[in-house]
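Chemist: Coordinates for the following, if possible.
(4 chains)
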4 protein chains.
Amino acid sequence: MTESPSAVVLLIHCPDRKGIVARVAGFINEFGGNILDSDHHTDREAGEFLMRTVFALEGFQLPPAEIAAAFAPIAKVFGMRYEVHFIPAHPKVALLVSKQDHCLADLLQRQRRGELPIDVPVIISNHDTCAMWAELYKIPFHVFPVTKDSKPEQEQRVISVLKQQDVHLVVLARYMQILSGEFLRAVGCPVINIHHSFLPAFIGANPYRQAYERGVKLIGATAHYATEELDEGPIIEQDVIRVGHRDSVEDLVRKGRDLEELVLARAVRLHVERRVIVYGRRTVVFD
Amino acid sequence: MTESPSAVVLLIHCPDRKGIVARVAGFINEFGGNILDSDHHTDREAGEFLMRTVFALEGFQLPPAEIAAAFAPIAKVFGMRYEVHFIPAHPKVALLVSKQDHCLADLLQRQRRGELPIDVPVIISNHDTCAMWAELYKIPFHVFPVTKDSKPEQEQRVISVLKQQDVHLVVLARYMQILSGEFLRAVGCPVINIHHSFLPAFIGANPYRQAYERGVKLIGATAHYATEELDEGPIIEQDVIRVGHRDSVEDLVRKGRDLEELVLARAVRLHVERRVIVYGRRTVVFD
Amino acid sequence: MTESPSAVVLLIHCPDRKGIVARVAGFINEFGGNILDSDHHTDREAGEFLMRTVFALEGFQLPPAEIAAAFAPIAKVFGMRYEVHFIPAHPKVALLVSKQDHCLADLLQRQRRGELPIDVPVIISNHDTCAMWAELYKIPFHVFPVTKDSKPEQEQRVISVLKQQDVHLVVLARYMQILSGEFLRAVGCPVINIHHSFLPAFIGANPYRQAYERGVKLIGATAHYATEELDEGPIIEQDVIRVGHRDSVEDLVRKGRDLEELVLARAVRLHVERRVIVYGRRTVVFD
Amino acid sequence: MTESPSAVVLLIHCPDRKGIVARVAGFINEFGGNILDSDHHTDREAGEFLMRTVFALEGFQLPPAEIAAAFAPIAKVFGMRYEVHFIPAHPKVALLVSKQDHCLADLLQRQRRGELPIDVPVIISNHDTCAMWAELYKIPFHVFPVTKDSKPEQEQRVISVLKQQDVHLVVLARYMQILSGEFLRAVGCPVINIHHSFLPAFIGANPYRQAYERGVKLIGATAHYATEELDEGPIIEQDVIRVGHRDSVEDLVRKGRDLEELVLARAVRLHVERRVIVYGRRTVVFD
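Modeler: Numbers count the residues shown, from 1 in each chain, chains lettered A, B, ... in the order given. The predicted structure is shown next:
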């Protein structure tokens, strides 16, 4: 049922110099490739070049498994870091949740209606409140409660499930636990988190309460890659909604839920379409 | 040429209890007043009641100068802080600028086309780059350069001009100087500042550079009342605009200018229409 | 389990004149009522006055069933049309859908997590594709297929179910059928529709295709009360999202789904909180 | 004082096929060009390919005047329509206004502060109300009043001035006159108009009045190339702002002014940076 990959995404990051686009496009053309989309960015301040090129698998004269190796000599000449991906790839995405189910339900429905090309082999939670969704979509569901003391052990159990499933991406769909550095080093794949504020405003706990007390006129949500520094990872997507004095903390929470769903879903989509290159503390998003 | 006041704005702030609206509306009705607009807010968490009622001067049977005194007994019963204003009042607004002229030019043009009911008796700057606008609109223009050492003295000179002109509001239209606590205590009227970020993100200097380095996907502007704690005053209005990796710091500055103009103009408008009640660290904005 | 009504909403519409607010607030105060929220609007062009006042049921000295009658003499004096509602009322809301389930799933989940105070006694469709949601939430589900010829008869069957259930509101959650004037006259309650464009742009069928071909830079969604003139009913809520040349018609459909969900959910919420007064071809929305 | 062109913009439009990007990038590379920015779009529905490539003039081994001819053989092979532009080019832009000055003042200030790389050799109006801005910026100002009868003759006088000045672009900065087909054929350069609605909603006269009467919850502005069919030209940029029942027609006009300024300025910027390719009734905007 799952659609096979139809295109190659080539992501490139190197020092800026002349001739990169010509050399890359020439490589694709030599093997009969048809470029479907191509975008690049030159950071003139830093002298860095970043590029995303998509070309059709159909008609390309190299077998998929040999493309990366065939490109290596060019990468060497230009000092490139590069990645070769195939889309749609239906990567295995583990969803981690806590008590609130709105982001979870939203991602699963987008997946089901064919809008988000991912597979979800497992849902993990520290509570059992989201069991209904796992059941509805027939996805294995693990509950690993966590306390301050049991955290290292609980993280080990989570890691162990993720490794078993060989997941390509972990999405913290309102997981509400701070992952340790050990976890992030051990997990072996990117982790996307949704933070319920417009970062870097309102870092840490209870951002809606913080926003209410500061009296801001807009609240936000931020999807970012999780890193060891809490709420400091590279930002993938953000959005805001207007609020006013009539909104209680509960109203901010309610309005924020819609933002969280939208921003997280957009970020996951951007990631699995391989539109994001992490670049220092920042991202380049080719949308 | 200036339009005379046609309406009374009654601003009320007191502990919440029954019968406030009835008593206030009753007072206005007893003297033949016609309520044009009325809005109130109950902060249930804090048990506070805040209200803005506008009624027509025409047909009201009390002389304007006696309204506040006539309302005093009601205020006493309910423990109200209250203010009586007349709109449009064309308050005297001093504009303080530094080198950049966009907010200044914008406010002056809004005033000129009748959109912003204010008078601008004086423009003060620490540079002479904005002289052209003072000349065009025939407004006295004072240049008081400032250095670290001369700051106390320079602030005295600014205060002295503001006092001479008896201004009702000071607008920091990108003044780029931090006002001392002494200045804020001495000035004797509200001071509105425009900060070029979505506060509380990117407090302090160079917010666009900070935003660029953090890689945010939206930049903002915040208009707030200036207080002694830098960038911590009650927020009147905020807005944001989308940015991306293609935007250099200069692009953020350019996009930000439009935001700064709009957000500051909206805040000044809200203030002079007496739609804002400061309330702890926050504002209630009846718009 | 369902929360009992805690407040009275009084909606008023009459010619503008002095003393209305005082008289209404006085009525509430006389019977010991505590006003929780009050907002009004004067349409000066038309000389019309519209008001929404909310007061606590607790402590009000009239039984709920007698409030409307007690207010009648005041209404007569001022020539008021008025309505008395109790909130939260958990009105019975029938959801009509066609093949697409996103608005349906969204409304049901909002209801379930306590965000939307409604009961959904029945879901009706002309297809069986949404059966899964009816099953999940244990709601009776009727499938009444419709063809051009069977339409009058099919509408009768729908009406018959709605009458049996005694519903207070019908929501067309992407029903994709044009309701006849007979249906709208027979249904006996308001009908809210979600149209997938920024009305009045792109009236009628295939608005996303129309938007694509016109090359607009924003697409929208509009929630409105259904009337006999297609897509001409009073607008309750609208919103837009940015699109570009990279977006195919399918991308517009995908982006539009998020808008449709949000705009429809906001409109239903505004309606059931009794914040909307229909007023000619327009609405006044007290939010 | 005016900055010299530093880069070449190559705009391409042709049927889609393999090898276009490689061939174009190869051409630039062969002559030592450094690609600064490159973006393309494939309209799969129509089988069309559109591209914008920017490369540095510095180091390019062909004289600017010979680039177009050198590219011709490639264009022939692929059946390309193509344009070669140099940026910043400071094109001569004529501004046409009527009584309202806000878009005019805004464009002139953006030009003056170096944000909009254009020259404005002439301002033309059918009224004299904008004379102040022409004087301030020392730009020749022509007033050609127009009546129904004098329109053909008045258009001739406008055309005559535009031809004398050899302008590259005409901007209707709220000109409020419908240009005839004769005018548009004779003018010999693109014409950008700002329409004060979210087109295609509210075509024709008094869109704010129309919006008010329809009760929309958002108003918009649309910048588009003027064509013979009124308000039907290819859209360059659009934006909207939220409005409500409290907004009178005058309030819509006031809020709309800010939109008109922003949307028109963005459109002019996109045009002069050669980011727009007109494409049937639509545009591709490489931003």
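Chemist: Show me what counts as buried in the host helix or strand of A:H85.
Modeler: Using DSSP states H and E, A:H85 sits in strand A:81-87. Neighbour-count burial for strand A:81-87, counted by 16 or more other CB atoms under 10 Å in any protein chain shown, picks out A:Y82, A:V84, A:H85, A:I87. C-beta: built from backbone N, CA, C; applies to glycine.
Chemist: Let me see the contact set for A:R113.
Modeler: Neighbour list for A:R113: C:D101, C:H102 [criterion: CB atoms under 8 Å, 6 or more residues apart in numbering or on different chains].
Chemist: Next, work out how far apart it and C:C130 are.
Modeler: A:R113 is 12 Å from C:C130, where distance means CB to CB, to the nearest Å.
Chemist: A:C130 against A:I124, yeah?
Modeler: No. The criterion here is CB atoms under 8 Å, and A:C130 misses it with A:I124 at 9.9 Å.
Chemist: Identify the contacts common to these two.
Modeler: Taking CB under 8 Å, 6+ apart as the criterion, A:C130 and A:I124 both touch A:V97, A:F141.
Chemist: Which positions in chain A make contact with chain B?
Modeler: Applying CB under 8 Å from any CB of the partner chain, one finds that chain A approaches chain B through A:41, A:43-45, A:198-202, A:213-218, A:220, A:234-235, A:237-240, A:244-246, A:248-249, A:279, A:281-285.
Chemist: Those residues in strands, which ones?
Modeler: Residues of those located in strands (DSSP state E): A:41, A:43, A:218, A:220, A:235, A:237-240, A:279, A:282-285.
Chemist: Relative to D:K163, which of those residues is nearest.
Modeler: Using CB to CB, A:H41 is the member of these that lies nearest D:K163, at 41.4 Å.
Chemist: Hmm, A:V284 and the closest one touching each other?
Modeler: Yes. In this structure, A:H41 is within contact of A:V284 by CB under 8 Å, at 5.4 Å.
Chemist: Looking at the two, which one has more neighbours?
Modeler: Comparing A:H41 with A:V284 by other CB atoms under 10 Å in any protein chain shown, the one with more neighbours is A:V284, at 24 against 21.
Chemist: That one bridge partners, please.
Modeler: A:V284 has these beta-bridge partners by DSSP bridges: A:I277.
Chemist: Show the contacting residues for it.
Modeler: A:H41, A:L50, A:V276, A:I277, B:H245.
Chemist: Over to A:N126?
Modeler: Taking CB under 8 Å, 6+ apart, we find A:N126 in contact with A:S98, A:V143, A:F144, A:P145, A:V146, A:Q154, A:Y175, A:M176, A:Q177.
Chemist: could those go into CSV alongside secondary structure and neighbour count?
Modeler: Formatted as CSV, those follow (DSSP: H, G, I helix; E, B strand; the rest coil; neighbours: other CB atoms under 10 Å in any protein chain shown):
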residue, secondary structure, neighbour count
A:S98, coil, 18
A:V143, strand, 14
A:F144, coil, 18
A:P145, coil, 10
A:V146, coil, 19
A:Q154, helix, 17
A:Y175, coil, 24
A:M176, coil, 16
A:Q177, coil, 15
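Chemist: and those as JSON lines, adding distance to B:E182 and pLDDT?
Modeler: Listed next are these as JSON lines, based on distance: CB to CB, whole Å; pLDDT from 0 to 100:
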{"residue": "A:S98", "distance to B:E182": "50", "pLDDT": "97"}
{"residue": "A:V143", "distance to B:E182": "60", "pLDDT": "98"}
{"residue": "A:F144", "distance to B:E182": "58", "pLDDT": "97"}
{"residue": "A:P145", "distance to B:E182": "56", "pLDDT": "96"}
{"residue": "A:V146", "distance to B:E182": "52", "pLDDT": "95"}
{"residue": "A:Q154", "distance to B:E182": "55", "pLDDT": "97"}
{"residue": "A:Y175", "distance to B:E182": "49", "pLDDT": "95"}
{"residue": "A:M176", "distance to B:E182": "46", "pLDDT": "91"}
{"residue": "A:Q177", "distance to B:E182": "48", "pLDDT": "92"}
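Chemist: the strands in chain A, which residues?
Modeler: Taking DSSP E as the criterion, chain A carries its strands at A:7-15, A:35-43, A:48-56, A:81-87, A:93-97, A:123-125, A:141-143, A:169-172, A:191-195, A:218-225, A:235-242, A:276-279, A:282-285.
Chemist: between those, which gets the lowest average pLDDT?
Modeler: For the strands of chain A, mean pLDDT drops lowest on strand A:35-43, to a mean of 91.
Chemist: Can you read off the pLDDT for A:E3?
Modeler: We have a pLDDT of 78 for A:E3.
Chemist: Name the nearest residue to it, ignoring sequence neighbours.
Modeler: Nearest residue to A:E3, sequence neighbours excluded (CB to CB, 6 or more residues apart in numbering or on different chains): A:P88, at 5.4 Å.
Chemist: Could you report the pLDDT at the one you found?
Modeler: So A:P88 comes in at 93 (pLDDT).
Chemist: Tell me who's in contact with it.
Modeler: A:E3, A:P5, A:S6, A:P117, A:V272 are the contacts of A:P88 under CB under 8 Å, 6+ apart.
Chemist: where's it relative to A:D287, distance?
Modeler: 17 Å.
Chemist: And for A:E273?
Modeler: Per CB to CB, A:E273 is found 9 Å from A:D287.
Chemist: Which of the ones in strands among the residues of chain A next to chain B ranks first by neighbour count?
Modeler: Neighbour counts for those, by other CB under 10 Å, peak at A:G220, which reaches 29 neighbours.
Chemist: confidence score at the nearest residue to A:H224 once chain neighbours are set aside?
Modeler: Distance criterion CB to CB, 6+ apart; nearest residue to A:H224, sequence neighbours excluded, is A:G233 at 4.3 Å. We have a pLDDT of 95 for A:G233.
Chemist: distance between the longest helix along chain A and the chain's centre?
Modeler: In chain A, with assignment by DSSP state H, the single longest helix is helix A:249-272. Computed by CA atoms, centre = their mean, to the nearest Å, the chain-centroid distance of helix A:249-272 equals 13 Å.
Chemist: Show me what the closest residue to chain D within the stretch 151-287 of chain A is bridged to.
Modeler: Per CB to the nearest CB, A:R242 is where the stretch 151-287 of chain A lies closest to chain D, at 8.2 Å. Counting by DSSP bridges, A:R242 forms beta bridges with A:L218.
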